[in-house]
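[1] this one's sequence-less:
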């Protein structure tokens, strides 16, 4: 089976590359240099010429703050491009696996993990354009699995873990918000989950929206403390602070813990606890440095 992975140079895309080495399927990895997914004709040609049966869309505009002033590009990548992929895969009777975000829930309050059927209410351009992407898939009528995730990190690119590893090893003190709570997600775990569904052909008949993050709950402050502890960066004084000490044009979710019950029951899989996955990532990063 031929599988197209878009956004292959990003965090999740790179993890998919690593995982797919074990597959007998034919994975085709593309980024913007190989395929402009905002070009509907180019997408249709790529899907048809390669007889693509599954698209894993890892491409997205993810700069939450910059999206507020870069609205058109965020909409093109997070919505229009998704519609192009959906239409193309529908025409070839295939399935789209798309990555969405906890930001579709916006800044809603509460302390109950978010389920897939909970009302959405994005408060910023990033969340709104990602919601438009989900809606484009629904409008197309293609077969699709949408995975909403949160707090993604990995060994690749820029992310919170790599930033905090640097800051806690170079700064004498650091302030990190404690009033935003969620669950970190190791991109390799998400890649493995998607890969497993493809390998077992479980995407057939299981279309819908799913939530996936690692298990457990923490604040950004707790996350940073654990990063420093695992890395041995104990000389940095890490202190909790409120979100309003770091003014932003975007209202970020204060509680964005995702309920993964649907994923676990549907696919019969457990999900790693966030600290165990964090240890694995930091170990890999330190191994690469050595």
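    Done, it's in. Keep in mind that what you see is a predicted model, and the values were worked out from it rather than measured.
[2] switch to C-alpha atoms for all contacts and neighbour counts from now on
    OK.
[3] For residue 262, which non-adjacent residue is closest in space?
    Nearest residue to residue 262, sequence neighbours excluded (CA to CA, 6 or more residues apart in numbering): residue 210, at 6.5 Å.
[4] pLDDT score for residue 123?
    Note for residue 123: predicted pLDDT of 85.
[5] show me the contacts for it.
    Residue 123 is in contact with 105, 106, 107, 250, 251, 252, counting by CA atoms under 8 Å, 6 or more residues apart in numbering.
[6] Just put these in JSON lines and tack on pLDDT, secondary structure and neighbour count.
    Shown next, in JSON lines, are these (pLDDT from 0 to 100; DSSP: H, G, I helix; E, B strand; the rest coil; neighbours: other CA atoms under 10 Å):
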{"residue": "105", "pLDDT": "93", "secondary structure": "helix", "neighbour count": "22"}
{"residue": "106", "pLDDT": "84", "secondary structure": "coil", "neighbour count": "22"}
{"residue": "107", "pLDDT": "73", "secondary structure": "coil", "neighbour count": "19"}
{"residue": "250", "pLDDT": "84", "secondary structure": "coil", "neighbour count": "18"}
{"residue": "251", "pLDDT": "79", "secondary structure": "coil", "neighbour count": "16"}
{"residue": "252", "pLDDT": "83", "secondary structure": "coil", "neighbour count": "21"}
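[7] Please give the element, helix or strand, for residue 284.
    Using DSSP states H and E, residue 284 falls within helix 274-289.
[8] list the buried ones in that helix?
    Within helix 274-289, the residues that count as buried by 16 or more other CA atoms under 10 Å are 274, 275, 277, 278, 279, 281, 282, 285.
[9] Relative to residue 89, how far out is residue 131?
    Distance of residue 131 to residue 89, given as CA to CA, to the nearest Å: 20 Å.
[10] higher neighbour count, these two?
    Remark: of residue 131 and residue 89, residue 89 carries more neighbours, 25 against 22, as counted by other CA atoms under 10 Å.
[11] The more buried one against residue 55, yeah?
    Yes - Residue 89 is within contact range of residue 55, at 7.3 Å (criterion: CA atoms under 8 Å).
[12] In the stretch 101-250 of the chain, where is pLDDT below threshold?
    Within the stretch 101-250 of the chain, the stretches with pLDDT under 70 are 108-109.
[13] mind listing the strands for it?
    Here the stretch 101-250 of the chain has its strands, by DSSP state E, counting those that start in this stretch, at 143-149, 152-153, 173-177, 181-182, 185-186, 208-211, 218-219, 237-241.
[14] between the ones you listed, which gets nearest to residue 101?
    Between residue 101 and the strands of the stretch 101-250 of the chain, the tightest spacing by CA to CA is seen for strand 143-149, at 4.4 Å.
[15] so what strands line up beside the closest one?
    With DSSP bridges as the test, strand 143-149 is paired with strand 95-101 (parallel), strand 208-211 (parallel).
[16] Okay, and the beta partners of the residue sitting nearest the centre point of the chain?
    Nearest residue to the geometric centre of the chain (CA atoms, centre = their mean): residue 149, 4.9 Å. According to DSSP bridges, the partner residues bridging residue 149 are residue 101.
[17] pretty sure it contacts residue 213?
    Yes - the criterion here is CA under 8 Å, and residue 149 meets it with residue 213 at 5.5 Å.
[18] so what's in contact with the two at the same time?
    Taking CA under 8 Å, 6+ apart as the criterion, residue 149 and residue 213 both touch 185, 258.
[19] tell me the most buried of the strands of the stretch 101-250 of the chain?
    With neighbours defined as mean count of other CA atoms under 10 Å, the strands of the stretch 101-250 of the chain peak in mean count at strand 185-186, which reaches a mean of 26.
[20] which other residues reach it?
    Outside strand 185-186, the residues that touch it by CA under 8 Å, 6+ apart are 149, 150, 151, 152, 153, 154, 213, 214, 274, 277, 278, 281.
[21] Torsion angles phi and psi at residue 258?
    The phi/psi pair for residue 258 (degrees, to the nearest 10) reads phi -100, psi 130.
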